[in-house]
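A.B. asks: what shape does this take:
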Amino acid sequence: MRRFFGYVESEEIPCVLWKPEQNPDEWKDFVELAKSSGTAFMTMHAWVLEREELDRLSKRLGDGEYTNEEDLEEARWLKTYVGKTGFVQLGWAYQGTMFVYESGTEWYDHYLRLRELADDVGGFMIDETDQDEER
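C.D. replies: So this is what the prediction gives:
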């Protein structure tokens with residue numbers, strides 16, 4: 001079986017997602033299933049936390065109108081994971097459907113929450129009543 005480094009957009013194409021069982025070796029079962037189906041290749045994607053990305057996230061959180069010290073502390077805590085893999089995705093095609101296995105760490109979930117918060121803060125608009133509307 002060959003490897004193809006790519007990410008499967010599971011919302012874009014027909015997919016079957018592997019149901020996790022909290023077994024750290026379940027990815028091996030997924031690969032064995034791919035082999036037994038006769039698939040010729042498997043897609044692979046891994047996400048690694050990079051210092052520059054975390055620095056940008058921390059800056060966006062700190063510069064926003066809404067600044068929560070706990071969120072900033074959580075961003076600082078994530079520095080211990082710089083250079084580490086937080087998310088992996090494996091996939092293989094069979095009869096027009098992608099079979100996908102995804103696994104992420106707990107700290108990756110924290111990172112996603114902070115990134116979503118930073119995106120929300122960046123686009124946050126205060127709803128002020130227009131003075132013309134009050135008249």
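A.B. asks: which ones are touching the residue lying closest to residue 18 once chain neighbours are set aside?
C.D. replies: Excluding the flanking residues, the one nearest residue 18 by Cβ to Cβ, 6 or more residues apart in numbering is residue 101, at 4.2 Å. For every residue, glycine as well, the C-beta is placed using N, CA and C. Under the criterion of Cβ atoms under 8 Å, 6 or more residues apart in numbering, the neighbours of residue 101 are 17-18, 26-27, 30, 89-91.
A.B. asks: from residue 45, how far out is residue 101?
C.D. replies: The gap separating residue 101 from residue 45 is 11 Å, by Cβ to Cβ, to the nearest Å.
A.B. asks: so what sits against both of the two?
C.D. replies: Residues touching both residue 101 and residue 45 by Cβ under 8 Å, 6+ apart: residue 89.
A.B. asks: hmm, back to that, out of the contacts of residue 101, which sit inside helices?
C.D. replies: When DSSP state H is applied, the contacts of residue 101 are split such that 26-27, 30 fall in helices.
A.B. asks: ok, so what distance separates residue 39 from residue 49?
C.D. replies: Distance, residue 39 to residue 49, using Cβ to Cβ: 30 Å.
A.B. asks: for the chain, longest helix please?
C.D. replies: helix 106-122.
A.B. asks: any idea which helix or strand carries the residue nearest to residue 18?
C.D. replies: Here residue 101, judged by DSSP states H and E, is contained in strand 97-104.
A.B. asks: tell me the strands beside that strand, with direction?
C.D. replies: Paired neighbours of strand 97-104 in the sheet (DSSP bridges): strand 15-17 (parallel), strand 85-94 (antiparallel).
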